[in-house]
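# I need the structure of the sequence given here:
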Amino acid sequence: MPSSDQNMKLAPQPKKGRAVMWLLIVLSLSIVGATVLLSNDMRHLKSLAHSFGIELFPPATPPPPPPPKVFRRTEPISIKIAPRMFDPPQPVLASVFLRTWRISGPAMCEALRSAGIETSEWKETAFNSDTFECSHEQIFKKDKEHVVSSLFLVVRGNGNGAISNMRVKLVGPATNSNGQLDAGTMRIFETMLTQPAWLDFHDTLAAIRNLKDVKEEGFGALINFTQEFSRPGAFNFTLLLQETSPQQRRTKDYFSPKTWLPAPDPSWQVPELIFWRRA
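Predicted coordinates:
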């Protein structure tokens, strides 16, 4: 009777299981090989193909270079520049871009005299030779050393007649039955505000007539009428131009003759400038 070891040796091995095992081994090796060849942007695959003389990805043909640009000259263009283009700006035109005094200091003093305010003549001050002014001062009532009612005004500027500022100081001004400023004193402010021909300060005169504090500022002009805090019944009025913004200062400097060289000889002619135009 045969033994168990002999029975195991005589049992046939299944061929189907062995084929499946080899198929799985081949498939696994194929997957690993494909992963290796396709990794790193297919660098290994390209190297392998190159070693067999095969170019899998031939380089793209570069585009042809653009044709060179050809410039051809045409007739020259001549430009004539008028000598006036080199003329410095005229100060009289500054009023188009800046708020300026449209009346001179002497003319303002004369207008005040025509309104019944006997101002002095426009003349140089004793303290500063560069400052000119006309003024008027009147004391209406005085109690010993204390001034109860007075009027003082000054129009100040330079030797060329340009106004820098106008100021008025009232102490105990006369008023009518409605508590409004006396018509004779009111003519001072009406003259000072109407003569420069500025039309954008409409409410100032009404406030002054009623002895109300008012301050208006616009486009470089400052008008201020206020009562003194420490002295009831005393009022101060100021009217001046102040170029505070950078745009106003630059425009004023542009029109100032001090920032320009003397104009050239009018007989000098500017030559023609010739330019070549590209086609």
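
# Backbone dihedrals for the spatially closest residue to residue 93 that is not a sequence neighbour, please?
Spatial nearest neighbour of residue 93, chain neighbours left out: residue 255 (6.9 Å); criterion: Cβ to Cβ, 6 or more residues apart in numbering. C-beta: built from backbone N, CA, C; applies to glycine. Per-residue torsions, residue 255: phi -90, psi 0 (degrees, to the nearest 10).

# and residue 255, how far is that from residue 249?
11 Å (Cβ to Cβ, to the nearest Å).

# More neighbours: which of the two?
Taking other Cβ atoms under 10 Å, residue 255 and residue 249 do not tie; residue 255 has more neighbours (20 against 13).

# quick one on the thing from earlier: residue contacts, the residue nearest to residue 93?
With contact set as Cβ atoms under 8 Å, 6 or more residues apart in numbering, residue 255 has these partners: 89-91, 93-94, 97-98.

# Helices of the stretch 1-150 of the chain, residue ranges please.
All helices of the stretch 1-150 of the chain, identified by DSSP state H, counting those that start in this stretch, fall at 4-10, 15-51, 105-114.

# what residue ranges in the stretch 101-250 of the chain score low on pLDDT?
For the stretch 101-250 of the chain, the stretches with pLDDT under 70 are 244.

# how about 80 then?
144-147, 202, 243-249 (pLDDT under 80).

# hey, where'd the strands end up in it?
Secondary structure of the stretch 101-250 of the chain by DSSP state E, counting those that start in this stretch: the strands cover 123-124, 132-143, 146-157, 163-171, 214-218, 221-227, 234-241.

# wait, which of these is closest to residue 21?
strand 214-218 (101.4 Å; Cβ to Cβ).

# Tell me which residues are up against the closest one.
Strand 214-218 is contacted by residues 200-201, 203-204, 207-208, 222-226 when judged by Cβ under 8 Å, 6+ apart.

# how about 10 Å then?
The contact list for strand 214-218 (Cβ atoms under 10 Å, 6 or more residues apart in numbering) reads 99, 198, 200-208, 222-226, 237-239, 242, 244.

# In PyMOL, select just the buried ones from the residues you listed.
To isolate the buried ones among the contacts of strand 214-218 in PyMOL, judged by 16 or more other Cβ atoms under 10 Å, type:
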select buried, resi 99+198+201+204+205+208+223+224+225+237+239
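
# List the contacts of the nearest residue to residue 211 once chain neighbours are set aside.
Counting by Cβ to Cβ, 6+ apart, residue 181 is the residue found nearest to residue 211 once chain neighbours are left out, at 6.1 Å. Residue 181 is in contact with 170, 173-175, 188-189, 205, 208-211, 235, counting by Cβ under 10 Å, 6+ apart.

# Break this structure into its domains for me.
According to automatic domain parsing, the chain is divided into the following domains: 4-51, 99-242.

# want to throw those into CSV with distance to residue 260?
Output for these, formatted as CSV (distance: least, Cβ to Cβ, whole Å):
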stretch, distance to residue 260
domain 4-51, 71
domain 99-242, 17
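
# circling back: among the helices of the stretch 1-150 of the chain, which gets the worst mean confidence?
If you rank the helices of the stretch 1-150 of the chain by mean pLDDT, helix 4-10 sits at the bottom with a mean of 50.

# Write down the beta-bridge partners of the residue nearest to residue 211, one by one.
Assessed by DSSP bridges, residue 181 has beta-bridge partners residue 175.

# From residue 259, how far out is it?
Taking Cβ to Cβ, one finds residue 181 at 43 Å from residue 259.

# go on, residue 132?
For residue 132, the distance to residue 259 (Cβ to Cβ) stands at 24 Å.

# Out of those two, name the residue with the larger neighbour count.
Set residue 132 next to residue 259 and count neighbours by other Cβ under 10 Å: residue 132 wins out with 23 against 11.

# That one contacts residue 106, doesn't it?
Yes - under the criterion of Cβ atoms under 10 Å, residue 132 makes contact with residue 106 at 8.7 Å.

# Now the common contact residues for those two.
121-123, 155, 157, 161, 163.

# Dump those into TSV; add distance to residue 64 and neighbour count as well.
Converted to TSV, those look like this (distance: Cβ to Cβ, whole Å; neighbours: other Cβ atoms under 10 Å):
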residue	distance to residue 64	neighbour count
121	90	11
122	84	19
123	88	13
155	83	27
157	78	22
161	78	15
163	76	26
